[in-house]
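In: here you go, sequence then predicted model.
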Amino acid sequence: MLLVADVHLGKVTHFRKHGAAIPPDAAFKNLEKLTEVSNHFQPKTVCFLGDLFHSKLNTEWHDFAKWVEYTPASVVLINGNHDIIPKYLFEDLGVQIFDSQIIDSFLLTHHPTDHENYFNFCGHVHPGVKLKGSGRQIIRLSCFFKTKQQLILPAFGNFTGKYTLAPTQDAEIYVIADGEVMHVSA
């Protein structure tokens, strides 16, 4: 199963419609990256951990429908706070929708959820971390934020921003830089 959080399809088109100067090809980058990752890992299921779409229907829906038709994997959506498109439209594409899902000892949600009996995979936060160099350099990178019972995935979408989290003693941080995932300590 491939877990993907916070793609926010439709966000580029939504902002362009309201006058934001964003290149139109930015809308295709998310589906291109999703196709690349799916082709590489060849999952049986692609599970979106919420906020698959940013808001109302727009032209990016048709591109997503073609992507669903193309992918050999089954597609699951865990509802997120931005997922306001009617469920029947997803279901018509064969996408299964859940508010949360339990698989073995894992709890899949959009919002981070503490549960003592399950390890939680989630999104919503768009986690990032600020790294400082010895020469006062500062860089903010998207990251995976792992604690004992939870892994918050970074936003997959290319136009989503990030929320800088302060590392805690029990957290493991895995930053994404230049196409690699690297462990950094608190």
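Out: Great, that's in hand.
In: who does the residue lying closest to residue 177 once chain neighbours are set aside bridge with?
Out: Spatial nearest neighbour of residue 177, chain neighbours left out: residue 141 (5.6 Å); criterion: CB to CB, 6 or more residues apart in numbering. In short, each C-beta sits where N, CA and C put it, glycine included. Beta-bridge partners recorded for residue 141 (DSSP bridges): residue 129.
In: doesn't residue 180 make contact with residue 141?
Out: No - the pair residue 141 and residue 180 fails to qualify as a contact (CB atoms under 8 Å) at a distance of 10.9 Å.
In: between these two, who's got more neighbours?
Out: Comparing residue 141 with residue 180 by other CB atoms under 10 Å, the one with more neighbours is residue 141, at 19 against 8.
In: show me where the chain has strands.
Out: 2-4, 45-48, 74-78, 96-98, 101-103, 106-108, 119-122, 127-132, 138-147, 150-152, 163-164, 172-177, 180-184 (DSSP state E).
In: mind putting those strands in JSON lines, mean pLDDT included?
Out: As requested, these are exported to JSON lines (pLDDT from 0 to 100):
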{"stretch": "strand 2-4", "mean pLDDT": "98"}
{"stretch": "strand 45-48", "mean pLDDT": "98"}
{"stretch": "strand 74-78", "mean pLDDT": "98"}
{"stretch": "strand 96-98", "mean pLDDT": "97"}
{"stretch": "strand 101-103", "mean pLDDT": "97"}
{"stretch": "strand 106-108", "mean pLDDT": "98"}
{"stretch": "strand 119-122", "mean pLDDT": "98"}
{"stretch": "strand 127-132", "mean pLDDT": "90"}
{"stretch": "strand 138-147", "mean pLDDT": "93"}
{"stretch": "strand 150-152", "mean pLDDT": "97"}
{"stretch": "strand 163-164", "mean pLDDT": "89"}
{"stretch": "strand 172-177", "mean pLDDT": "92"}
{"stretch": "strand 180-184", "mean pLDDT": "92"}
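In: tabulate the ones you listed (TSV), appending distance to residue 57.
Out: What follows is the strands of the chain, written out as TSV (distance: least, CB to CB, whole Å):
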stretch	distance to residue 57
strand 2-4	20
strand 45-48	17
strand 74-78	15
strand 96-98	16
strand 101-103	25
strand 106-108	25
strand 119-122	25
strand 127-132	28
strand 138-147	27
strand 150-152	28
strand 163-164	27
strand 172-177	30
strand 180-184	33
